[in-house]
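1. predicted model and sequence below, questions to follow.
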Amino acid sequence: MNLPSKLMEHAVQEFAKMPGIGKKTALRLVLYLLKQNNESVQQFTAAINNLKEGIHFCSNCFNISDEIICSICSNPARDHTIVCVVESIRDLIAIETTNQYRAEYHILGGVISPIEGVDPDQLQIASLIKKLNTGNIKEVIMALNPTIEGDTTVFYITKKITDQNIKITTIARGISFGGELEYTDEITLARSLATRLPYEKYLQRNEE
């Protein structure tokens, strides 16, 4: 892509590094910014800088937050005896969009994947196990993406839970194997949560 300005070219290259943004889209974004007045551009850059400098990760569930504890974990109206385990913040947002879940989350930050070189120590699994073994949790919902890596991670976590009083469930298979929670429609996702299965039944279905 031949551009009339090195500064513009550099800006396009930076925008094109974003997920789902190709060079043509990046160019449109750069041209849009060039048309804006200085105040608008300054507000945009300030928002990006504040995002990096001011965002925290909740010390309890690892959700994005403006404070040390996120608004979900600090909400007294939530059921703090139930924990929904998800792979990413995007999955948490997808579930929250259904307005059907009113308890806590725990974001792992990924799934176990030997092929990708991701082992349990690189994820928020140890903190989850510690939380589950305190005796304060009654149910843990495994809401990981239905993939081989997701199932491997669920299996690993369940073997580490020593509190025998915890009910372990998984979201129902309304979501096809290999699918991703963040791309699942709200109705299907809400139904999968409402009709979640005991982990033992989930294993039996996979073995059939």
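-> On my side now, so go ahead. Numbers count the residues shown, from 1 in each chain.

2. pLDDT below threshold where in this structure?
-> Along the chain, segments meeting pLDDT under 70 span 1, 172-184, 195, 197, 199-208.

3. cutoff 50 now
-> For the chain, the stretches with pLDDT under 50 are 177-178, 204, 208.

4. what residue spans form the domains of it?
-> The record's domain parsing of the chain by automatic domain parsing lists 6-54, 70-207.

5. which of those domains is buried the deepest?
-> Most buried of these, by mean neighbour count (mean count of other C-beta atoms under 10 Å): domain 70-207, with a mean of 17. No exception for glycine: its C-beta is placed from N, CA and C like everyone else's.

6. and that domain, how far out from the chain middle?
-> 10 Å (C-alpha atoms, centre = their mean, to the nearest Å).

7. for residue 189, what is the enclosing helix or strand?
-> helix 186-194 (DSSP states H and E).

8. before we move on, back to that, residue 63 is nearest to which of the domains of the chain?
-> domain 70-207 (4.4 Å; C-beta to C-beta).

9. this structure: strands as residue ranges?
-> Ranges of strands within the chain are 56-57, 64-65, 79-86, 103-107, 139-142, 167-170, 197-198, based on DSSP state E.

10. mind checking which of those is nearest residue 130?
-> strand 103-107 (10.7 Å).

11. which residues sit against the closest one?
-> Outside strand 103-107, the residues that touch it by C-beta atoms under 8 Å, 6 or more residues apart in numbering are 60-63, 72-73, 78-89, 91-92, 95, 124, 127-128, 131.

12. other SSEs contacting the helix holding residue 189?
-> Under the contact definition 3 or more C-beta pairs under 8 Å, 6 or more residues apart in numbering; DSSP states H and E, helix 186-194 sits against helix 89-97.

13. hey, C-alpha coordinates of the lengthiest helix in the chain in CSV?
-> If you go by DSSP state H, the chain has its longest helix at helix 38-54. Provided in CSV are the C-alpha atoms of helix 38-54 (Å, rounded to 0.1, in the frame of the first residue of the first chain):
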residue,chain,number,x,y,z
ASN,A,38,-7.8,18.3,17.5
GLU,A,39,-10.1,18.0,20.6
SER,A,40,-11.7,14.9,19.3
VAL,A,41,-8.4,13.2,18.5
GLN,A,42,-7.0,14.2,21.9
GLN,A,43,-10.1,12.7,23.6
PHE,A,44,-9.6,9.5,21.6
THR,A,45,-5.9,9.2,22.6
ALA,A,46,-6.6,10.1,26.2
ALA,A,47,-9.2,7.3,26.3
ILE,A,48,-6.7,4.8,25.1
ASN,A,49,-4.0,6.0,27.5
ASN,A,50,-6.5,5.9,30.5
LEU,A,51,-7.5,2.4,29.5
LYS,A,52,-4.0,1.1,29.9
GLU,A,53,-3.1,3.1,32.9
GLY,A,54,-6.4,2.9,34.9
